[in-house]
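In: Below are the sequence and a predicted model for it; my questions follow.
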Amino acid sequence: MALDLAILPGDGTGPEVVAEAVKVLQAIAKAENFEYTTKEYDFGGDRYLSTGKIIDDEEIAQLQKHDAILLGAVGHPDVKPGILEKGLLLKMRFAMDQYINLRPVKLYPGVDTPLKDKTPEDINFDVIRENTEDLYCGNGGIMRQGTAQEVATQEMIATRFGAERCLRYAFEYAKRKKESGEGKGMLTLVHKTNVLTYCGDLWFRAFNEIGEADYPDIKRDYNHIDAACMWFVKNPEFYDTIVVPNMFGDIITDLGAMIQGGMGIAAGGNINPDKGGTSMYEPIGGSAPKYTGQNVINPLAAIGALAMLLQNSGQKAAGDRVEAAIKKVTPKLKSLSAGRMGYSTTEVGDLVIDNL
Ligand code: IPM
Ligand code: MG
């Protein structure tokens, strides 16, 4: 059956990078001989500004009919911060129950990392970020707003159910990596159990209980979030697979993106691993509005998101081939940053296709 994709170019440079990913999709589908269909949706800042609409339940239901979603970027300079992030991006993650945010941190060949003397062998791990709970639930409120007695709360929520399904996915992931010879069979939980003695404790107990009962061959390791930030910089080679709640995961995956060469290359998947679940893949950088329309933004993160989409949607060989092509292209670029690649956006897309 044809792979049926929803394409959400989004805001700013999103459409430009998604166009390159779709170009690569066309080429790889031909080379690997599979059929696909795409349907484009215009969710994002421009639509919101002209119609006041962000996304409604019916549109979410429409998205869920597709096999997977490729997203460009969400974020518009004329829209107040929080509206599109909460109303569109987080809404989609929550409504489609994409409870895993998978963010590989891989330094590709020829890419500059700000970490001195670290190589692609050293920077090669995966972060599995819980994607539906924690401070992201939006529980809380504000009272006496604008007065000297103003009070604001925003609660951190951890449920056993939410932690457990994420932890199980992470253990399975680490196990699969070990079995395929790609990983050393170690899962690191990142939290802050010395201060967050309720949420951290729930995660820590679930981690050890599940690991001990069902994954005795996976080595369990634990880091506080602040220490993990040190080790990412000092010893990234220590890591194999990391599992982390939502907010800390948001922060360390930006750090991870920087050590792998920046937002031009970092891709991620918002995954609903359950049967019938719809997953959404995205470059993890923003919409970079100041570069819009200049053909200078790096499309490799979006093409990497496509590779992940294919790897997780029944076209693993095709996805692996796209990833391998990206690794052949990175050494040819002068830099991964917008405007400094030595090639235009569309030329980088062409390079990937030439190297498939
Ligand atoms: C990310 C982003 C989002 C997040 C924002 C845009 C809401 O930073 O995908 O990491 O916090 O999850
Ligand atoms: Mg983030």
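Out: Here it is on my side, so go on. Residues are numbered from 1 along each chain as shown. Ligands and ions are numbered 1, 2, ... in the order given.
In: can you give me the strands for the stretch 1-150 of the chain?
Out: For the stretch 1-150 of the chain, strands defined by DSSP state E, counting those that start in this stretch occupy the ranges 3-10, 36-40, 68-73, 100-106, 124-130, 140-143.
In: Check whether the helix or strand harbouring G269 comes near ligand 1.
Out: Using DSSP states H and E, G269 sits in strand 267-271. No. Using C-beta under 6 Å from any ligand atom, strand 267-271 never reaches ligand 1; the gap is at least 7.1 Å. For every residue, glycine as well, the C-beta is placed using N, CA and C.
In: The strands of the stretch 1-150 of the chain: which one's closest to ligand 1?
Out: strand 100-106 (7.3 Å; C-beta to the nearest ligand atom).
In: What score does the one residue in the stretch 251-356 of the chain that gets nearest to ligand 1 have for pLDDT?
Out: Closest to ligand 1 within the stretch 251-356 of the chain is I284: 5.7 Å, counting by C-beta to the nearest ligand atom. pLDDT recorded at I284 is 91.
In: residues contacting it?
Out: When contacts are counted by C-beta atoms under 8 Å, 6 or more residues apart in numbering, I284 touches R103, T253, D254, A257, M263, A266, A267, G268, A301.
In: 10 Å instead?
Out: If you count contacts by C-beta atoms under 10 Å, 6 or more residues apart in numbering, I284 has them with 73, 101, 103, 250, 253-254, 256-257, 263, 265-268, 301, 304-305.
In: what do you get for T159?
Out: T159 neighbours (C-beta under 10 Å, 6+ apart): T132, E133, D134, C137, R165, C199, L202, A206.
In: Helices - which of those residues land there?
Out: R165, C199, L202, A206 (DSSP state H).
In: The residues you listed into a markdown table, with extra columns for distance to ligand 1?
Out: A markdown table is the format used below for these (distance: C-beta to the nearest ligand atom, whole Å):
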| residue | distance to ligand 1 |
| --- | --- |
| R165 | 18 |
| C199 | 18 |
| L202 | 21 |
| A206 | 22 |
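In: now, the most widely separated pair of those residues?
Out: The span of the ones in helices among the contacts of T159, defined through C-beta to C-beta, is set by R165 and C199 at 15.9 Å.
In: Between these two, which has more neighbouring residues?
Out: Counted by other C-beta atoms under 10 Å, R165 and C199 do not tie: C199 has more neighbours, with 22 against 18.
In: check contacts around the more buried one.
Out: Neighbours of C199 in contact, by C-beta under 10 Å, 6+ apart: 133-135, 155-159, 163, 191-193, 245.
In: State the pLDDT value of whichever residue of the stretch 201-350 of the chain sits closest to ligand 1.
Out: Nearest residue of the stretch 201-350 of the chain to ligand 1 (C-beta to the nearest ligand atom) works out as D250 at 4.4 Å. What the model reports as pLDDT for D250 is 97.
In: Check M1 too.
Out: Here, the pLDDT recorded for M1 equals 82.
In: Now name the helix or strand holding M258.
Out: Using DSSP H and E, M258 falls within helix 246-259.
In: and the angle from that helix to strand 124-130?
Out: Computed by axes from the mean of the first three to the mean of the last three C-alpha atoms, to 10 degrees, the angle separating helix 246-259 from strand 124-130 equals 160 degrees.
In: Phi first, then psi, for Q145.
Out: Here is the backbone geometry of Q145 (degrees, to the nearest 10): phi -60, psi 140.
In: Count the residues that sit near it.
Out: Neighbour count of Q145, defined by other C-beta under 10 Å: 10.
In: what do you get for the one 3 residues further on?
Out: Counted with other C-beta under 10 Å, residues neighbouring A148 total 5.
In: what does D217 give?
Out: 11.
In: Contact partners for the residue of the stretch 201-350 of the chain closest to ligand 1?
Out: By C-beta under 10 Å, 6+ apart, the contact set of D250 is N101, R103, R129, N131, D134, L135, Y136, V244, I284.
In: Might you report the residue contacts of M1?
Out: Going by C-beta under 10 Å, 6+ apart, M1 touches F34, E35, D67, G314.
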